[in-house]
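Undergrad: Just a sequence and a predicted model for now, questions to come.
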Amino acid sequence: GENVEQHPSTLSVQEGDSAVIKCTYSDSASNYFPWYKQELGKRPQLIIDIRSNVGEKKDQRIAVTLNKTAKHFSLHITETQPEDSAVYFCAASIGGGGADGLTFGKGTHLIIQP
Amino acid sequence: GAGVSQSPSNKVTEKGKDVELRCDPISGHTALYWYRQSLGQGLEFLIYFQGNSAPDKSGLPSDRFSAERTGGSVSTLTIQRTQQEDSAVYLCASSLGLTSGGEKLFFGSGTQLSVL
């Protein structure tokens, strides 16, 4: 089955700096890669996703890059703000319209230092 | 309601007792998932329902865990003879299922289960 590794487990950055979270996956058939953000005490929420036919996707201060050859993908947050503090989870799946087979990484606790 | 609803929000039980956790998905979502999140850990897949198909139970950690989904809507996760290691947040999620863009999961607020 799919195995998703996520690094680092904790990341502390100064407000205004950039943050990068990296994930690797094992199943070359995976073609859908979402990122979820979970603020303290709240439910996970999808913030951005990418499919394997695209190498990069951007939404304001958030971007995700995908390297299919190396089987890794990354979340980039620029100009970090206090509200970016949360746990971020990457995931990978074969997709196909349903989220069955969605495997999550163990999460990265992002801390934005004022 | 507008989102995925779970109840109870908190459950404290004694070791050996059975518990039932409820999930009410977003109306029209055909796919429903249960995940377990232990303190400081990731999201552990438990079970997946898609429409009227047989559920994918591959993530259930033991035969003490079971789940059902009645009428393709509300789901109940049952843990029998609870153990202390069952203590965790149990998250339910739903999605549009087998449609384009159906991969986006909408999570409930979870049930915090504490087994004493």
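TA: Right, received. Where do you want to start?
Undergrad: Could you measure from the residue nearest to the spatial centre of chain B over to chain A?
TA: Closest to where the C-alpha atoms of chain B average out (Cα atoms, centre = their mean) is B:Trp34, at 3.0 Å. B:Trp34 sits 13 Å away from chain A, taking Cβ to the nearest Cβ, to the nearest Å as the criterion. Using the backbone N, CA and C atoms, a C-beta is placed for each residue, glycine as well.
Undergrad: on contacts alone, who are the packing partners of the worst-scoring helix or strand of chain A on mean pLDDT?
TA: Using mean pLDDT, DSSP states H and E, strand A:103-104 stands out as the lowest-scoring helix or strand of chain A, at a mean of 89. When contacts are defined as 3 or more Cβ pairs under 8 Å, 6 or more residues apart in numbering or on different chains; DSSP states H and E, strand A:103-104 packs onto strand A:86-92.
Undergrad: Show me which residues of chain B sit near chain A.
TA: B:4, B:31, B:33, B:35, B:41-43, B:45, B:48, B:50, B:56, B:91, B:95, B:97-105, B:107-110 (Cβ under 8 Å from any Cβ of the partner chain).
Undergrad: just to revisit the earlier point, what lines up beside the least confident helix or strand of chain A in the sheet?
TA: Using DSSP bridges, strand A:103-104 pairs in its sheet with strand A:86-92 (antiparallel).
Undergrad: hmm, who's touching the strand it pairs with?
TA: A:2, A:4, A:6, A:21, A:23, A:25, A:27, A:30, A:32-40, A:44, A:47, A:73, A:75, A:102-110, B:42-43 (Cβ atoms under 8 Å, 6 or more residues apart in numbering or on different chains).
Undergrad: Wait, A:Ser93 touches B:Lys104, no?
TA: No: using Cβ atoms under 8 Å, A:Ser93 is not in contact with B:Lys104, being 11.6 Å away.
Undergrad: neighbour-wise, which of the two wins?
TA: A:Ser93 (23 against 15; other Cβ atoms under 10 Å in any protein chain shown).
Undergrad: How much space separates the closest residue to the more buried one other than its chain neighbours from B:Val19?
TA: Sequence neighbours aside, A:Leu102 is the residue nearest to A:Ser93 in space, at 4.1 Å (criterion: Cβ to Cβ, 6 or more residues apart in numbering or on different chains). Distance, A:Leu102 to B:Val19, using Cβ to Cβ, to the nearest Å: 25 Å.
Undergrad: I appreciate the help and will end here.
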